[in-house]
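Novice: generate coordinates for the sequence data below:
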Amino acid sequence: MLYDVEFQAWCNSLRLSQQQRDLVNQIRTSPPARKVKGGGRNVHGFYASSKMGRTIQFESHTVELPAMTQFYEYDDQVLEYWDQPIKFSIKCSPQGKQATTISHYPDFFVMREIFCGFEEWKTEKRLGKLSEEQPHRYQKIEGQWVDVIVQEYIESLYQFNMKLHRKELLK
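Specialist: Prediction:
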């Protein structure tokens, strides 16, 4: 984890706005926005992160846990990663449907040396099913899965991105 002076230098190097700095600082100094739960399809737990000096919760031992151990924990470009970092309440009217509010908790907020953003991990099979159930929200654009509503919200409010990763990338 970064010391305060290192964090400020990192923010300066990325030219983060005050609003972006405030959001990242809020994420870094707050507990996770929710506690993950297990269900019929997933096994949740805690990973003792050496990089973060704390336990990081995961909601899936087949997707999120491998993401931490293969892509975050040992990657020198990843400075910090935060689980369930924030809750977004997004008011929207997708494609002429009735207005609704989507509550969304990104899996991680990842701070890398040269960029940062929210990251979501799902299996290809789950993304395919979500795209059938919610085609206005989950779309494959230029070979990459996108949660269109959440991505547009995050970009408009914070100018950050949100990546949807597929488990198949872990192979």
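Novice: and the helices in the protein?
Specialist: 4-14, 18-29, 64-67, 124-133, 148-158 (DSSP state H).
Novice: report pLDDT for the residue most central in space within the chain.
Specialist: Compute the mean C-alpha point of the chain, and by C-alpha atoms, centre = their mean the closest residue is residue 119, 2.8 Å away. Note on residue 119: pLDDT of 94.
Novice: swap in residue 67?
Specialist: Listed pLDDT for residue 67 reads 94.
Novice: what's the closest non-adjacent residue to it?
Specialist: Nearest residue to residue 67, sequence neighbours excluded (C-beta to C-beta, 6 or more residues apart in numbering): residue 121, at 4.8 Å. In short, each C-beta sits where N, CA and C put it, glycine included.
Novice: now the one you found: how far from residue 105?
Specialist: As judged by C-beta to C-beta, to the nearest Å, residue 121 and residue 105 stand 13 Å apart.
Novice: got any ranges where the chain has weak pLDDT?
Specialist: For the chain, applying pLDDT under 70 flags the ranges 95-96, 165-171.
Novice: state the number of residues packed around the nearest residue to residue 48 once chain neighbours are set aside.
Specialist: Spatially, and ignoring its direct neighbours in sequence, residue 48 is nearest to residue 55 (5.5 Å; C-beta to C-beta, 6+ apart). For residue 55, the count of nearby residues is 12 (other C-beta atoms under 10 Å).
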